[in-house]
Structures are given as structure tokens and as C-alpha cells.
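Chemist: Test case, fold it:
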Amino acid sequence: MNNWIYAGITIAILIAYEAFLVVLSRRHPERLAREVHAGLREDWVNALAQSKGSEILGVQTLRNSLMSSSLVASTAAIGLMGTITLSIPGIQSQLLPAGHVAAGMASPKIFMDLTLLLLLFASLVTSVMAARYYNHAGFVVGMPVDSPARHKWQAAGVKYTRRAGILYGIGLRQLLLVAPVIAYILYPIAGPFVALVVIGSLWSFDRYSD
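Modeler: Numbering: from 1, shown residues only. I've put the predicted structure just below:
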């Protein structure tokens with residue numbers, strides 16, 4: 001029962017912090033770095049559209065961001081495959097041949113294994129989507145500034161760049177949030193403490209100060 005308590009506290013801390021950020025982003029978006037930086041990316045794309053000869057610089061910058069998203073996606077994919085390899089046999093051993101769930105299936109260890117898989121999968125999906133949007137934005141930014149096509153797709157380029165940055169941030173966050181889950185799997189009582197450490201670290205990056 002104690003292990004369930006530690007698992008519940010670990011997950012509750014992570015969920016509470018994410019809920020706090022959602023509320024803060026609606027009431028005081030200027031206090032969150034991700035909201036401010038989303039506006040920064042929009043201003044950057046609009047500034048490029050007003051400066052001739054900036055196409056190469058824009059494409060190179062977006063390419064660097066695309067590579068960062070690809071790196072996070074690759075890390076999440078490797079972690080996901082490794083976790084599946086290590087966890088699935090244990091999960092399957094808890095299943096009866098008929099496919100019904102055995103009593104042991106409802107264990108905190110299995111629950112946290114599934115949570116780890118979910119976080120890694122979410123990181124993979126959001127990072128891949130970020131790379132996709134960065135790729136689309138690159139085509140827009142690479143168009144000649146004065147071309148009709150650039151004017152046609154400028155708004156889309158701004159939107160794609162904003163979405164890509166937000167998705168990249170989400171994907172990176174999911175990788176960081178696996179730390180408390182892994183700590184719990186290794187030593188249950190460590191889960192809540194590592195969760196507090198991770199949340200404290202994230203807050204230093206999530207808040208925005210001039």
C-alpha cells in the first residue's frame with residue numbers, strides 16, 4: 001500500500017504543476033517563458049519578412065531547431081524501445097492466458113511502467129510534430145521576401161514556427177518528467193522527492209523575468 005501512496009504522490013506532484021502552468025498561462029501569460037518565447041518566434045519570422053537577404057539566415061536557424069527536435073525525438077524513441085523491451089515481459093506475465101487481468105496487474109510498479117511508456121511516447125510524438133512544423137516553416141522563410149508566394153504563406157509560416165516551438169518544449173518536458181517515474185521504479189520512496197527536484201528545476205526555466 002505504501003508503494004501506491006508514493007506512486008500517487010509522485011504523479012500528483014507532476015499533474016499539479018502542469019495544471020498550475022495551464023492556469024498561469026491563461027491568467028498571466030507574460031509570466032511564462034513559453035508564452036513570451038512563442039511571441040518572440042512570431043516577431044522573428046515577421047522581422048525576416050521585412051529584411052531582404054535574410055532567407056538563408058532564416059532557413060539555417062530553423063534547420064538548427066529542426067535538428068534539436070529530431071534529437072529529442074530520437075532520444076525518446078530509443079528510450080521507448082528500451083522501456084518496452086524491459087517492461088513488456090513483466091506486464092505480460094501479469095496477464096492470464098485468457099486475456100483477463102490478474103490481481104497482480106494492478107500493482108504500482110506496472111502503473112509506473114505504463115506511465116513511463118506514456119511519457120516517452122508523448123515526447124516522441126510532439127517532437128516529431130515539432131520537426132514537421134519547423135520543416136514547413138523553413139520552406140516559407142526560404143522564399144524570397146518580395147515574392148507573392150512569401151506574402152501568401154507568411155501567416156502560415158508564423159503559425160508553424162509558433163506551433164513548432166511549443167511542441168518542442170512539450171516534448172523536451174516529457175523527457176525531463178520521466179526522471180521521477182524512473183526514480184520511483186528504482187526506489188519507490190525516492191519518487192516524490194525527485195519529482196519536487198524536477199519541478200523546482202522546471203520552474204526556473206518556465207518562469208519569465210526580464
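
Chemist: Please make it C-alpha for all contacts and neighbour counts, starting now.
Modeler: Will do.

Chemist: Counting by contacts, list what the lowest-mean-pLDDT helix or strand in the chain packs against.
Modeler: Across the helices and strands of the chain, mean pLDDT, DSSP states H and E gives its lowest value to helix 55-92, namely a mean of 89. Helix 55-92 is packed against helix 33-48, helix 108-141, helix 148-186, with contacts defined by 3 or more Cα pairs under 8 Å, 6 or more residues apart in numbering; DSSP states H and E.

Chemist: count of residues packed around residue 2?
Modeler: Counted with other Cα atoms under 10 Å, residues neighbouring residue 2 total 10.

Chemist: Identify the residues contacting the residue nearest to the spatial centre of the chain.
Modeler: Nearest to the mean C-alpha position of the chain, counting by Cα atoms, centre = their mean, stands residue 171 at 1.8 Å. Going by Cα atoms under 8 Å, 6 or more residues apart in numbering, residue 171 touches 72, 73, 122, 123, 124, 125, 126, 127.

Chemist: For these, give me a markdown table that also has neighbour count and distance to residue 185.
Modeler: Listed next are these as a markdown table, based on neighbours: other Cα atoms under 10 Å; distance: Cα to Cα, whole Å:
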| residue | neighbour count | distance to residue 185 |
| --- | --- | --- |
| 72 | 21 | 23 |
| 73 | 28 | 23 |
| 122 | 20 | 19 |
| 123 | 30 | 19 |
| 124 | 28 | 21 |
| 125 | 17 | 24 |
| 126 | 23 | 25 |
| 127 | 30 | 25 |
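
Chemist: between these, which is closest to residue 114?
Modeler: Residue 114 has its nearest neighbour among the contacts of residue 171 in residue 122, at 12.2 Å by Cα to Cα.

Chemist: coming back round to it: just put the contacts of residue 171 in TSV and tack on distance to residue 82.
Modeler: As requested, the contacts of residue 171 are arranged in TSV below (distance: Cα to Cα, whole Å):
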residue	distance to residue 82
72	15
73	14
122	15
123	15
124	14
125	17
126	19
127	18
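
Chemist: and the helices and strands packed on helix 55-92, which is most packed in?
Modeler: When you average the neighbours per residue for each of those (mean count of other Cα atoms under 10 Å), helix 108-141 leads with a mean of 22.

Chemist: looking at it, residue 7 is touching residue 193, isn't it?
Modeler: No - using Cα atoms under 8 Å, residue 7 and residue 193 do not qualify as a contacting pair, with a distance of 11.4 Å.
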